[in-house]
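Asks: pasting the structure only:
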């Protein structure tokens, strides 16, 4: 092979790798309770430009290991953008996380890490857009990574949740209709320059993308699609509560302590797909870390083995069932895949979770990780209360990157026909 051709192929290969889509890296077993926190609450990682927030996680090894952080600005498709890091960060990354403390008065030892933004190294995130936060170990290997989004307020999004017009699934789906308008931006060729991200309960795994405006009226963009902006309604999240880790609380059948830490055995959940819809309050997949006998929940809340049991005899398919929620970033990793107990005829799984109040759901996915929403274990109901987020991306012909110029919210509590 000619030398110049070989060199060209090498450069092409390196360029392709540099532009590969960034995907979230699931943490190893010892990293738990990975979350973004704002105003003391675990939140979906969507923040307004120049606001403050934190990234937190626990290391069950409890050895005060050194962890470092890196921030990468990405385009709409989560590929690293071309702009220099000095343009989107004031300060620098690649530094060690300095704020950590060890657990206190817990059976499970762990080190709790906090990474605030801004911090002493990164004093400001200067641009809106998609970001990947990577946590590295001492060998600069990626331990875990998480997506987060920074947005600006340059447009308004008026949204409403409606039932679908398709009679075949009118009782199972919810449809988003919305209008985007701006007083300080005149949209240029919006069918090409405007992109959307639609989220249900903050779950990036089920997001809807690449929806062009149906039509425009002046500087208003109208989206009144049917199938393009539809979500399966799902069902209300299940939950358990173990704020007092030594006592059986809501949906906890009994407490054991055979091992070094407490065991919480939940009541068996029956698949709700063939049952009627029942309305009860949830927190749309979120969770709260809480120890009623402690003062600092971040280091005084203990961990417990939580034993899940699901009776779903109709789901002996060629697919797997996972336990998901914001507590594990809706992860489909083997750590959360349920095992089928053929003797009892139920699915079982033990997961180590920090005590408090936790929403969860059972998710069906195939071997490739494709989620089967239509055949959900707990069914789909148009009455289900879901929170929707609409993010508006915009890039003019002179821009170097895609800005997130607005965010809209809608709830299916007020769903209409």
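Replies: Thanks, I have it. Here the structure is a predicted model, which means the values were calculated and not measured.
Asks: going forward, measure contacts and count neighbours with C-alpha atoms only.
Replies: Will do.
Asks: helices of the stretch 51-200 of the chain, residue ranges please.
Replies: 85-88, 190-193 (DSSP state H, counting those that start in this stretch).
Asks: what's the most buried one of the ones you listed?
Replies: Among the helices of the stretch 51-200 of the chain, ranked by average contacts under mean count of other Cα atoms under 10 Å, first place goes to helix 190-193 (a mean of 16).
Asks: separation between the closest residue to residue 220 other than its chain neighbours and residue 214?
Replies: Spatially, and ignoring its direct neighbours in sequence, residue 220 is nearest to residue 181 (4.7 Å; Cα to Cα, 6 or more residues apart in numbering). With distances taken as Cα to Cα, to the nearest Å, residue 181 is found 14 Å from residue 214.
Asks: mutual contacts of the two, please.
Replies: Overlap of the contact sets of residue 181 and residue 214 (by Cα atoms under 8 Å, 6 or more residues apart in numbering) consists of residue 221.
Asks: beta partners for the residue nearest to residue 220?
Replies: In this entry, residue 181 is beta-bridged to residue 156, by DSSP bridges.
Asks: for residue 266, same thing?
Replies: Here residue 266, judged by DSSP bridges, has bridge partners residue 252.
Asks: is it correct that it is in contact with residue 310?
Replies: No - applying Cα atoms under 8 Å as the test, residue 266 and residue 310 come out as separate, 9.9 Å apart.
Asks: residue 390 sits in which helix or strand?
Replies: Per DSSP states H and E, residue 390 falls inside strand 387-394.
Asks: which residues does that strand contact?
Replies: The contact list for strand 387-394, computed with Cα under 8 Å, 6+ apart, reads 76, 129, 157, 193-202, 284, 402-412.
Asks: list the neighbouring strands of that strand plus their orientation.
Replies: Applying DSSP bridges to the sheet, strand 387-394 is found paired with strand 194-200 (antiparallel), strand 403-411 (antiparallel).
Asks: dump those strands to a markdown table, plus distance to residue 358 and mean neighbour count.
Replies: Shown next, in a markdown table, are the strands paired with strand 387-394 (distance: least, Cα to Cα, whole Å; neighbours: other Cα atoms under 10 Å):
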| stretch | distance to residue 358 | mean neighbour count |
| --- | --- | --- |
| strand 194-200 | 18 | 21 |
| strand 403-411 | 21 | 21 |
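Asks: nearest to residue 98, out of those strands?
Replies: Proximity to residue 98 (Cα to Cα) singles out strand 403-411 among these, at 30.4 Å.
Asks: avg pLDDT for stretch 201-220?
Replies: On average, the pLDDT along stretch 201-220 is 93.
Asks: switch to numbering from 55
Replies: From this message on, residue numbering opens at 55, which makes the last subject stretch 255-274.
Asks: how about it: buried residues?
Replies: Buried residues in stretch 255-274, counting neighbours by 16 or more other Cα atoms under 10 Å, are found at 255-257, 260, 262-263, 265-267, 274.
Asks: what do you get for stretch 225-244?
Replies: 225-236, 241, 244.
Asks: just stretch 306-318 next, same as before
Replies: Buried residues in stretch 306-318, counted by 16+ other Cα under 10 Å: 306, 309, 315-318.
Asks: ditto for stretch 444-456
Replies: 444-450, 455-456.
Asks: pick the one among those residues closest to residue 282.
Replies: Of all these, residue 282 sits closest to residue 444, with 13.9 Å by Cα to Cα.
Asks: what's the separation between the residue nearest to residue 274 and residue 122?
Replies: Residue 235 is 40 Å from residue 122, by Cα to Cα.
Asks: also residue 278?
Replies: Residue 278 sits 45 Å away from residue 122, going by Cα to Cα.
Asks: for the two, indicate the residue with more neighbours.
Replies: Using other Cα atoms under 10 Å, the more surrounded residue of residue 278 and residue 122 is residue 122, with 21 against 16.
Asks: re earlier: tell me the contacts of the residue nearest to residue 274?
Replies: The contact partners of residue 235, by Cα under 8 Å, 6+ apart, come to 209-211, 273-275.
Asks: what do you get for residue 378?
Replies: Residues near residue 378 by Cα under 8 Å, 6+ apart: 384-386, 390, 414-417.
Asks: save the residues you listed as JSON lines, and put in neighbour count too.
Replies: JSON lines is the format used below for those (neighbours: other Cα atoms under 10 Å):
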{"residue": "384", "neighbour count": "21"}
{"residue": "385", "neighbour count": "22"}
{"residue": "386", "neighbour count": "22"}
{"residue": "390", "neighbour count": "19"}
{"residue": "414", "neighbour count": "23"}
{"residue": "415", "neighbour count": "21"}
{"residue": "416", "neighbour count": "22"}
{"residue": "417", "neighbour count": "22"}
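Asks: in strands, which of those residues fall?
Replies: Among the contacts of residue 378, the members falling in strands (DSSP state E) are 414-417.
Asks: and stretch 161-172, which residues are buried?
Replies: 162-172.
Asks: list the contacts of stretch 300-312.
Replies: With Cα under 8 Å, 6+ apart as the contact definition, stretch 300-312 has outside contacts at 293-297, 316-321.
Asks: now the two most distant members of these.
Replies: Pairwise over the contacts of stretch 300-312, using Cα to Cα, the maximum falls at 293 and 316, 18.2 Å.
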